[in-house]
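S.K.: Pasting a predicted model and its sequence here:
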Amino acid sequence: MKIITYLSVLFGLFVFAPVRAEDIVYNQLIDLEAHSGNGSILIVWEVPDQIEVQSVRLYRTQDSFLNAILVFETNTAIDRYLDQEVVGTRPYFYSVEIESTVGELFTSIADAPPFAKPVLDFGLLPTLSQSEEMIANYDHKTIDQFHGQILGNVLISLLTTMDSNQVDIIQAMLFPIDATPRSWISYAGFNGISEFEGIFSDESIRALRIELEDVMARVGFSVKNQFLLTSAEWKNHAIKFTDRIMRRLFTAQDLLHQETEILNVSHPVLPLGSWVNAEGISFIRLGIIDAEMVQTIVLRDGQNEFILDQQTFADAEIIDVKLDDSMEKIELVINGALQQILPFPQEAYGYGLTIDNQFFMLADSLTAPPLIVSIPVAQFCLNEIVNRPESQQIAVEVHGNVTETHVLGLFIDDYLVWEFTPVLSFEPVFNDSAFTWNTDQLFMWLDLKEMDQFGNWQLIDTRAIFTERQITEGRIPDHQRWKTYSFSTLGAPNDLTRSGSAKLMIPEIFALYQNYPNPFNAETTISFDLLQPAVVSLYINDAAGRIIYLFFEENQLSKGLYSYSWNGENYSSGVYFMTIQAHIDDYFPVVYSRKMIYLK
């Protein structure tokens with residue numbers, strides 16, 4: 001910043017006249033810029049640092065500053081103004097004065113005032129498409145509105161093989177940028193998500209970045225004044241906007257892969273939660289992942305059995321089924337196989353289940369559970385649970401990364417049974433403990449909570465356990481999805497590929513033979529030799545890894561030869577896999593698959 005002091009000098013005598021301090025006037029120069037626009041001129045000035053502004057006055061003229069008029073005045077320290085009261089093609093000249101509260105005066109250079117026109121040089125205007133022209137001429141209320149139109153226009157131009165609904169879904173996943181991303185399934189449904197596989201190739205991502213940058217530059221030439229941005233500022237803004245969209249794109253890409261993977265290994269029918277509505281009627285919500293793989297859906301509780309009409313779920317992705325109030329539990333039976341046992345809802349609360357089988361409590365117990373694919377796991381989580389009904393004992397493992405002090409509490413049916421502070425460590429920690437339970441309830445709710453700074457417990461994870469069933473379940477890998485298995489790794493990582501007790505030897509349990517005939521066009525026979533007594537599961541997978549038919553799950557079988565027939569008439573032609581899982585004693589399960597080819 002330049003400081004110019006004007007002193008009275010007696011040139012005839014070549015000596016400086018005496019100057020008193022109170023006569024000195026400080027007129028400090030500041031920068032001022034004017035930027036042409038469509039029907040407007042953007043004026044930007046420098047506000048000196050570390051001053052308290054008394055007033056800012058902006059002047060404009062088309063002749064000389066003898067005729068300059070005051071066009072804007074404020075007592076705030078803003079640094080720009082959009083002058084929209086300008087017409088014609090002649091230039092306008094500007095000057096600015098800033099006065100501080102202590103009398104300092106700051107002005108722009110008077111003998112070389114900046115100027116601009118309220119029209120753009122047509123020789124410099126880029127060529128716009130019809131849609132870009134509409135965006136440029138639109139009166140945008142916010143810059144986010146402009147961003148949304150630009151992104152939508154670019155997606156339409158690039159995704160020529162997709163219909164408007166699919167383009168809208170992609171835009172909704174990318175914008176608004178600051179909004180919490182929703183799931184692809186919530187927009188496209190269980191069956192529609194596959195239509196988006198392959199859209200995020202390296203080539204398409206590069207094309208999106210290039211087109212976004214180009215369109216922002218072309219259209220921005222006409223609209224930057226509207227958003228009070230100079231050319232240099234608009235260029236930086238366009239780069240930042242494009243970068244944020246690309247980061248959002250990578251997040252959406254990861255979500256698509258995650259959701260696709262979850263659906264590929266999911267059962268054809270999934271429970272999504274249960275609740276009691278305002279009229280006191282109990283419901284269960286079911287997600288129909290793949291209706292073609294569903295022959296029967298049965299809800300039972302040991303005494304009652306309700307078979308759903310096939311028309312109920314044939315063309316629906318989500319169905320709400322009314323429950324009988326005499327039920328005490330909900331056994332979900334799909335195609336004759338018990339898939340899951342769920343708590344019957346109570347009036348005081350409802351619960352939901354994510355697609356990847358995480359429980360969550362409903363904020364409003366009278367409303368149906370929302371569709372949630374997965375819940376990001378907090379720093380700590382319930383990681384493994386072992387329930388033993390014969391001894392009325394339950395063991396619980398908590399997993400987390402502890403770099404600062406946390407107070408955690410385990411609650412069983414709202415009763416605090418374990419309060420602990422994990423030891424600080426830069427390595428993941430596993431805290432486990434066992435408890436004896438004494439309840440006549442069919443279900444126990446396990447709640448992991450963390451104490452906040454005010455001493456209140458905040459829920460971070462929850463799980464419902466059927467008390468009458470022996471079960472070992474855990475997140476595999478640690479902190480990830482829940483799976484049921486038949487051995488415990490309490491206090492150690494849930495790694496099915498190795499043993500915490502160094503039992504690395506895989507026992508010789510079975511021999512799975514190739515099905516006969518293969519290929520087959522109707523029915524085929526699957527055989528295996530069990531070399532010693534073991535707990536065995538046998539099922540059929542499709543090419544995507546989904547279980548489409550379950551012969552049995554974790555049955556205790558004796559040594560011997562077993563044969564089962566499978567009819568593929570209700571399935572499409574293609575490649576399928578017969579899979580056997582078996583384990584003995586304390587060894588980890590052995591899983592093996594063979595390919596089958598079905599030709600109609």
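M.R.: Nice, I can see it. Computed from a prediction, not measured in an experiment: that's the story for all the values here.

S.K.: give me every residue that touches the residue nearest to the spatial centre of the chain.
M.R.: In the chain, the C-alpha nearest the mean C-alpha coordinate belongs to Pro181, at 4.1 Å (CA atoms, centre = their mean). Shown in contact with Pro181 (CB atoms under 8 Å, 6 or more residues apart in numbering): 173, 248, 251-252, 255. All C-beta atoms are positioned from the backbone trio N, CA, C, and that covers glycine.

S.K.: so what are the domain limits for this protein?
M.R.: Under the assignment automatic domain parsing, the domains of the chain span 3-116, 130-264, 269-361, 380-485, 510-598.

S.K.: ok, Ala188 touching Ala172?
M.R.: No: if you go by CB atoms under 8 Å, Ala188 and Ala172 don't touch, sitting 10.1 Å apart.

S.K.: For Trp566, report the pLDDT, please.
M.R.: According to the prediction, Trp566 has pLDDT 92.

S.K.: Helix, strand or coil: sort out it for me.
M.R.: strand (DSSP: H, G, I helix; E, B strand; the rest coil).

S.K.: List the contacts of it.
M.R.: 515, 523-526, 540, 549, 551, 578.

S.K.: Is Lys224 in contact with Lys235, as I believe?
M.R.: No: contact criterion CB under 8 Å: Lys224 and Lys235 do not qualify, at 9.3 Å.

S.K.: So for these two, which sits in the more crowded spot?
M.R.: Lys224 (21 against 16; other CB atoms under 10 Å).

S.K.: Tell me which residues touch that one, please.
M.R.: For Lys224, the contacting residues are 35, 37, 42, 230-231, 233-234, by CB under 8 Å, 6+ apart.

S.K.: Now tabulate these in CSV and tack on pLDDT and secondary structure.
M.R.: Formatted as CSV, the contacts of Lys224 follow (pLDDT from 0 to 100; DSSP: H, G, I helix; E, B strand; the rest coil):
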residue, pLDDT, secondary structure
His35, 95, strand
Gly37, 90, coil
Leu42, 97, strand
Thr230, 95, coil
Ser231, 92, helix
Glu233, 96, helix
Trp234, 96, helix
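
S.K.: neighbour-wise, which of those leads?
M.R.: That'd be Leu42 among those, by other CB under 10 Å, with 24 neighbours.

S.K.: Surely that residue touches Phe227?
M.R.: No: Leu42 is beyond contact range of Phe227, at 9.5 Å (criterion: CB under 8 Å).

S.K.: what stretches of the protein score poorly on pLDDT?
M.R.: The model of the chain has pLDDT under 70 over residues 1-26, 64-65, 122-123, 486-487, 495-508.

S.K.: buried subset of the contacts of Trp566?
M.R.: 515, 524, 526, 540, 549, 551, 578 (16 or more other CB atoms under 10 Å).

S.K.: so which of these comes closest to Asn570?
M.R.: Among the buried ones among the contacts of Trp566, Tyr549 lies closest to Asn570 (CB to CB), at 9.4 Å.

S.K.: correct me, but the closest one touches Tyr539?
M.R.: Yes: here Tyr549 reaches Tyr539: they are 6.3 Å apart, a contact under CB under 8 Å.

S.K.: Report the set of residues contacting both of those two.
M.R.: By CB under 8 Å, 6+ apart, no residue touches both Tyr549 and Tyr539.

S.K.: So between Ala188 and Ala172, which is more surrounded?
M.R.: Per other CB under 10 Å, whichever of Ala188 and Ala172 has more neighbours is Ala188, with 20 against 16.

S.K.: How many neighbouring residues does the nearest residue to that one once chain neighbours are set aside have?
M.R.: Closest residue in space to Ala188, ignoring its immediate chain neighbours: Ile169 at 5.7 Å, by CB to CB, 6 or more residues apart in numbering. As a burial measure, Ile169 scores 21 neighbours (other CB under 10 Å).

S.K.: Quick one: residues contacting Ile169.
M.R.: 184, 187-188, 196.

S.K.: Dump those residues to JSON lines, plus secondary structure and distance to Val86.
M.R.: Converted to JSON lines, the contacts of Ile169 look like this (DSSP: H, G, I helix; E, B strand; the rest coil; distance: CB to CB, whole Å):
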{"residue": "Trp184", "secondary structure": "helix", "distance to Val86": "49"}
{"residue": "Tyr187", "secondary structure": "helix", "distance to Val86": "46"}
{"residue": "Ala188", "secondary structure": "helix", "distance to Val86": "49"}
{"residue": "Phe196", "secondary structure": "helix", "distance to Val86": "48"}
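
S.K.: can you put the residues you listed in a markdown table and add distance to Gln340?
M.R.: Shown next, in a markdown table, are those (distance: CB to CB, whole Å):
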| residue | distance to Gln340 |
| --- | --- |
| Trp184 | 24 |
| Tyr187 | 26 |
| Ala188 | 25 |
| Phe196 | 29 |
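
S.K.: Need the max-distance pair from the residues you listed.
M.R.: Tyr187 and Phe196 (9.5 Å).

S.K.: ok, these two, which is more surrounded?
M.R.: Phe196 (21 against 17).

S.K.: SS state for the residue lying closest to the more buried one once chain neighbours are set aside?
M.R.: Nearest residue to Phe196, sequence neighbours excluded (CB to CB, 6+ apart): Leu256, at 6.0 Å. Classification of Leu256 by three-state DSSP places it in helix.

S.K.: Next, the contact list for Leu256, please.
M.R.: Taking CB under 8 Å, 6+ apart as the test, what Leu256 contacts is 184, 193, 196-197, 200.

S.K.: Against Arg90, how distant is it?
M.R.: 55 Å (CB to CB, to the nearest Å).

S.K.: Check the secondary structure at Asn165 for me.
M.R.: Assigned with three-state DSSP, Asn165 falls in the helix class.

S.K.: how many other residues sit next to it?
M.R.: 10.

S.K.: Against Arg546, how distant is it?
M.R.: 26 Å.

S.K.: got it, and Glu73?
M.R.: 70 Å.

S.K.: Compare the two and say which is more crowded by neighbours.
M.R.: When Glu73 and Arg546 are compared for neighbours, Arg546 comes out ahead with 17 against 12, by other CB under 10 Å.

S.K.: my guess is that one contacts Leu270, does it?
M.R.: No: contact criterion CB under 8 Å: Arg546 and Leu270 do not qualify, at 11.6 Å.

S.K.: Just list whatever residues bridge to Phe430.
M.R.: His399 (DSSP bridges).

S.K.: cool, Ala434 as well?
M.R.: Ala395.

S.K.: So which residues of the stretch 301-450 of the chain form strands?
M.R.: For the stretch 301-450 of the chain, strands defined by DSSP state E, counting those that start in this stretch occupy the ranges 305-307, 318-322, 329-334, 337-343, 351-353, 359-361, 380-388, 393-400, 408-412, 415-420, 429-436, 443-451.

S.K.: Just checking the distance from the host helix or strand of Gln145 to the centre of its chain.
M.R.: In the assignment (DSSP states H and E), Gln145 maps to helix 143-158. Here helix 143-158 is found 21 Å from its chain centre; the criterion is CA atoms, centre = their mean, to the nearest Å.

S.K.: the helices in the protein, which residues?
M.R.: 130-137, 143-158, 164-174, 184-192, 202-223, 231-264, 310-314 (DSSP state H).

S.K.: could you dump the ones you listed to TSV with distance to Ala291?
M.R.: Below are the helices of the chain laid out as TSV (distance: least, CB to CB, whole Å):
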stretch	distance to Ala291
helix 130-137	39
helix 143-158	31
helix 164-174	21
helix 184-192	9
helix 202-223	31
helix 231-264	14
helix 310-314	6
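
S.K.: Out of those helices, flag the one nearest Thr296.
M.R.: Closest among the helices of the chain, using CB to CB: helix 310-314, at 7.8 Å.
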